[in-house]
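# What follows is a predicted structure for the sequence shown.
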Amino acid sequence: MLEVGVQYFRELWRSLAENDRNLLRRLIQGETPTPQDKGVVRKLVRKEILTVEGDAFQVPLVRRYVEQVLEEE
């Protein structure tokens, strides 16, 4: 599925600001959002990337893609 939708996932990743990406990296590493991340979490919830709690990805394939991108960096 990631291979078929690679263009969508690539565009999604590119559309994110650096602070959005940093928060997603930290979530992948097992960290929890801090109060300072509130604005970023809200933005990523609106984009339907994170759950309302801000501590999990809404779509497992998005999480998988982010993990893959981070492995390649």
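That came in fine, so what should we check first? What you see is a predicted model; the values in this text were computed from it and never measured. Residues are numbered from 1 along each chain as shown.
# so where does the one residue sitting closest to the centre of the chain fall, helix or strand?
Nearest to the geometric centre of the chain sits L24, at 4.2 Å (C-alpha atoms, centre = their mean). According to DSSP states H and E, L24 maps onto helix 18-28.
# by contact count, what packs against that helix?
Counting contacts by 3 or more C-beta pairs under 8 Å, 6 or more residues apart in numbering; DSSP states H and E, helix 18-28 is packed against helix 38-46, helix 60-72. For the C-beta atoms, the positions are set from N, CA and C on the backbone; glycine is no exception.
# and it, which residues are buried?
By neighbour count on 16 or more other C-beta atoms under 10 Å, the buried set for helix 18-28 is 20-21, 23-24, 27.
# circling back: which non-adjacent residue is nearest the residue nearest to the centre of the chain?
V66 (5.3 Å; C-beta to C-beta, 6 or more residues apart in numbering).
# Over to W13?
V69 (5.9 Å).
# close enough to count as contact, the one you found and L12?
No: using C-beta atoms under 8 Å, V69 makes no contact with L12, being 10.3 Å away.
# Just the pLDDT at M1, thanks.
Listed pLDDT for M1 reads 58.
# And V69, by the same measure?
At V69, pLDDT is 93.
# Below-threshold pLDDT in the chain: ranges please.
1-4 (pLDDT under 70).
# quick one on the thing from earlier: and the gap between the residue nearest to the centre of the chain and V69?
According to C-beta to C-beta, to the nearest Å, L24 stands 9 Å off from V69.
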